[in-house]
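> Compute the structure for the input listed below.
(4 chains)
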2 protein chains.
Amino acid sequence: MQTILVVDDTPNLRQLLSSYLSQEGYRVLTAVDGREALFIARQEKPDLIILDLMMPEMGGYEFIRHHRQERNTPIIILTAKLEEQDKVVGLELGADDYLTKPFGMRELTARVRAVLRRSQNSESTQDLLRAGDLTLDQEGRLVQLRGETISLTPSEFDLLAAFMGTPGRAFTRLDLLNILQGDAYEGYERTIDVHIRNLRAKIELDSKQPRYIETVYGHGYRFAG
Amino acid sequence: MQTILVVDDTPNLRQLLSSYLSQEGYRVLTAVDGREALFIARQEKPDLIILDLMMPEMGGYEFIRHHRQERNTPIIILTAKLEEQDKVVGLELGADDYLTKPFGMRELTARVRAVLRRSQNSESTQDLLRAGDLTLDQEGRLVQLRGETISLTPSEFDLLAAFMGTPGRAFTRLDLLNILQGDAYEGYERTIDVHIRNLRAKIELDSKQPRYIETVYGHGYRFAG
DNA sequence: CAAGTTCTTGATTGGTTCTTGATTTGGGGA
DNA sequence: TCCCCAAATCAAGAACCAATCAAGAACTTG
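I've put the predicted structure just below:
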């Protein structure tokens, strides 16, 4: 099932889109501004984002810029203004399509289907995760630190990918063991400590005061995002 | 240089689009109806088709249906009518975008660029793959290294084609086995190692320090791109 | 059908990574 | 501040992985 993230500050429109798209068989998430949208997009990795350009807090443009740094989820822009200028800027920024309000639901779903079909064919879904001066390429299993490719062991890479995939989450050691060994994990939680130690040695400037992988005392570890 | 085919029955519009797009650096061909468009498209294989839906002789819908049987060139639809109906049908038929008349030239070029950019990313059907001083011709199943044609076994060729088709991706051995034997693959992952070894012997200067086919420890192999 | 290729297999080797248990360091509550 | 438990560290053995080779099986081609 495909997931669509709707980002709009007006509750009515969120509600409308949400119910309509749900009926069409999509899983629909909503966010009220760019900030929340970024957060949800990181966690849920939606297949498509429908975005209102005019929003308080973090506006649409800004959201696109930030989000594009991390993923290239297709984006459909909603705009109230009929100005050509906006459309052009939006498309240049990397939006995949746009709709001017008011629009019909039939039209919307047609666009949604078209964009999703395209993005599935193109499958150039490069999974690039970024944080600070770290870049992790999931597809290529490559990690760069300040532009330099660094060499990680399989476990180190998998842990870092998990961390960067949901920055800010505090993982327990069991969570992490789970990631490394599947749910049939067994054995020592201390193993994780050693992997964390080795990872820190490779990516942190000062292992004593880690910038990326923080210790959550009594719980586990968290990636600062 | 990219080629755009403009299909419209009104000479004015053909002229306008043609001169504008030429200025933007595209090679522009024109056709007055669907019949002629099909003919030209077969010959010239344009990178993009801009199509007026309302045309005498063979109409826009019909053209799309016929053309899609042969290729999937991206198509932008022009429509005078503001009816939602048309847009929906057009998109369902496989158009990639549409514009309602009247439209601005800035808007048009933005769309053109956006659509071409998208289709280039997804163009995995490119016949000639290049990397460093390697050239792989999919259609002719030929590989050249520094201008010299080299001889690869079928498996070696298929592997190299897969690698060069998505450089930078880290394939697992199962991925590769899949490519060689279809999804009914069976048997030893070590088989892949041997193919890789033989491939390296043919294309790498120093198999110990491969420039093209890198080992991703604990995972598989990656073509450096 | 026979000769020549290509593919697969299994064993071996050298190297990397992971895990473990003991020990030291450090955080936080009483 | 002291005490307890959690986290960091270390080194060594175990487990794992990639490269390589040679021989036989499977496939192609004439």
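> Tell me the pLDDT of the residue positioned nearest the centre of chain A.
For chain A, the residue nearest the mean C-alpha position is residue A:42 (2.7 Å; CA atoms, centre = their mean). Note on residue A:42: pLDDT of 83.
> My guess is it contacts residue A:169. True?
No: checked against CB atoms under 8 Å, the pair residue A:42 and residue A:169 is beyond contact range at 10.0 Å. (Each C-beta comes from the backbone N, C-alpha and C, glycine too.)
> Let's test this: name the helix or strand in chain A with the lowest mean pLDDT.
helix A:84-93 (a mean of 54; mean pLDDT, DSSP states H and E).
> picking that back up, name the helix or strand for the residue nearest to the centre of chain A, please.
helix A:34-44 (DSSP states H and E).
> Check the offset of that helix from the chain's centre.
On the basis of CA atoms, centre = their mean, to the nearest Å, helix A:34-44 is displaced by 7 Å from the centre of the chain it belongs to.
> Quick check: chain neighbours aside, which residue is closest to residue A:162?
Counting by CB to CB, 6 or more residues apart in numbering or on different chains, residue A:179 is the residue found nearest to residue A:162 once chain neighbours are left out, at 4.9 Å.
> cool, and residue A:176?
residue A:192 (5.0 Å).
> Was I right to think the one you found contacts residue A:171?
No: counting by CB under 8 Å, residue A:192 sits too far from residue A:171 to count as a contact (9.0 Å).
> what do the two both touch?
Common contact partners of residue A:192 and residue A:171 (CB atoms under 8 Å, 6 or more residues apart in numbering or on different chains): residue A:221.
> how far does stretch A:130-150 sit from the chain's center?
16 Å.
> Just the element for residue A:13, please.
Residue A:13 belongs to helix A:11-23, assigned by DSSP H and E.
> Show me the helices in chain A, by range?
For chain A, the helices defined by DSSP state H cover A:11-23, A:34-44, A:60-70, A:84-93, A:105-122, A:154-165, A:173-181, A:190-203.
> Comparing the ones you listed, which yields the minimum mean pLDDT?
helix A:84-93 (a mean of 54).
> For chain A, what lies in contact range of DNA strand C?
A:151, A:153-156, A:180-181, A:186-188, A:190-191, A:194-195, A:208, A:217 (CB under 7 Å from any atom of the strand).
> Quick check: the two most widely separated of those?
The span of the residues of chain A next to DNA strand C, defined through CB to CB, is set by A:186 and A:208 at 31.4 Å.
> just to revisit the earlier point, tell me the buried residues within the residues of chain A next to DNA strand C.
Neighbour counting with 16 or more other CB atoms under 10 Å in any protein chain shown marks A:155-156, A:180, A:191, A:195 as buried within the residues of chain A next to DNA strand C.
> Same list, the residues you listed, but as a markdown table with distance to residue B:51 please.
What follows is those, written out as a markdown table (distance: CB to CB, whole Å):
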| residue | distance to residue B:51 |
| --- | --- |
| A:155 | 53 |
| A:156 | 52 |
| A:180 | 53 |
| A:191 | 61 |
| A:195 | 57 |
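> Which member of those is positioned nearest residue B:10?
For these, the nearest to residue B:10 is residue A:156 (63.1 Å; CB to CB).
> Quick one: residues contacting residue A:108.
Per CB under 8 Å, 6+ apart, neighbours of residue A:108: A:17, A:20, A:99.
> Could you check how far it is from residue B:111?
18 Å (CB to CB, to the nearest Å).
> quick one: which of the contacts of residue A:108 is most hemmed in?
For the contacts of residue A:108, neighbours were counted using other CB atoms under 10 Å in any protein chain shown, and residue A:17 has the most, 22 neighbours in all.
> Would you report the backbone torsion angles of residue A:153?
phi -80, psi 160 (degrees, to the nearest 10).
> Now that it has come up, it's in contact with residue B:219, right?
No: at 10.6 Å, residue A:153 does not count as touching residue B:219 under the criterion of CB under 8 Å.
> hmm, back to that, right, and out of the contacts of residue A:108, which lies closest to DNA strand C?
Using CB to the nearest atom of the strand, residue A:17 comes nearest to DNA strand C of these, at 44.0 Å.
> Determine the number of other residues adjacent to residue A:129.
Residue A:129 has 21 nearby residues by other CB under 10 Å.
> try residue A:206
Residue A:206: 8 surrounding residues under other CB under 10 Å.
> Could you do residue A:174 as well?
Applying other CB under 10 Å, I find that residue A:174 has 12 neighbouring residues.
> Look up how far chain B lies from it.
22 Å (CB to the nearest CB, to the nearest Å).
> check contacts around the residue nearest to that residue when sequence neighbours are not counted.
Excluding the flanking residues, the one nearest residue A:174 by CB to CB, 6+ apart is residue A:189, at 6.8 Å. By CB under 8 Å, 6+ apart, the contact set of residue A:189 is A:173-174, A:177.
> Check residue A:36 too.
residue A:7.
> Against residue A:130, how distant is it?
19 Å.
> what do you get for residue A:179?
20 Å.
> What is the neighbour count of the residue lying closest to residue A:63 once chain neighbours are set aside?
Of all residues not flanking residue A:63 in the chain, residue A:34 sits nearest, at 3.4 Å (CB to CB, 6+ apart). For residue A:34, the count of nearby residues is 26 (other CB under 10 Å).
> is it true that residue A:34 touches residue A:8?
No: if you go by CB under 8 Å, residue A:34 and residue A:8 don't touch, sitting 10.9 Å apart.
> what's the burial count for the nearest residue to residue A:98 once chain neighbours are set aside?
Leaving out its chain neighbours, the residue that sits closest to residue A:98 by CB to CB, 6+ apart is residue A:77, at 3.9 Å. Neighbour count of residue A:77, defined by other CB under 10 Å: 24.
> May I have the beta-bridge partners of residue A:77?
residue A:51, residue A:98 (DSSP bridges).
> Could you tell me which residues of chain A lie near DNA strand D?
Counting by CB under 7 Å from any atom of the strand, chain A sits next to DNA strand D at A:190, A:193-194, A:196-197, A:200, A:207-208, A:215-220.
> Looking at those residues, which is nearest residue B:62?
For the residues of chain A next to DNA strand D, the nearest to residue B:62 is residue A:220 (62.3 Å; CB to CB).
> Name the member of the residues of chain A next to DNA strand D that has the highest neighbour count.
Neighbour counts for the residues of chain A next to DNA strand D (other CB under 10 Å) peak at residue A:196, which has 21 neighbours.
> pretty sure that residue contacts residue A:213?
Yes: under the criterion of CB under 8 Å, residue A:196 makes contact with residue A:213 at 6.1 Å.
> Identify the contacts common to these two.
Common neighbours of residue A:196 and residue A:213 (CB under 8 Å, 6+ apart) are residue A:221.
> circling back: of the residues of chain A next to DNA strand C, list those near chain B.
A:153-154 (CB under 8 Å from any CB of the partner chain).
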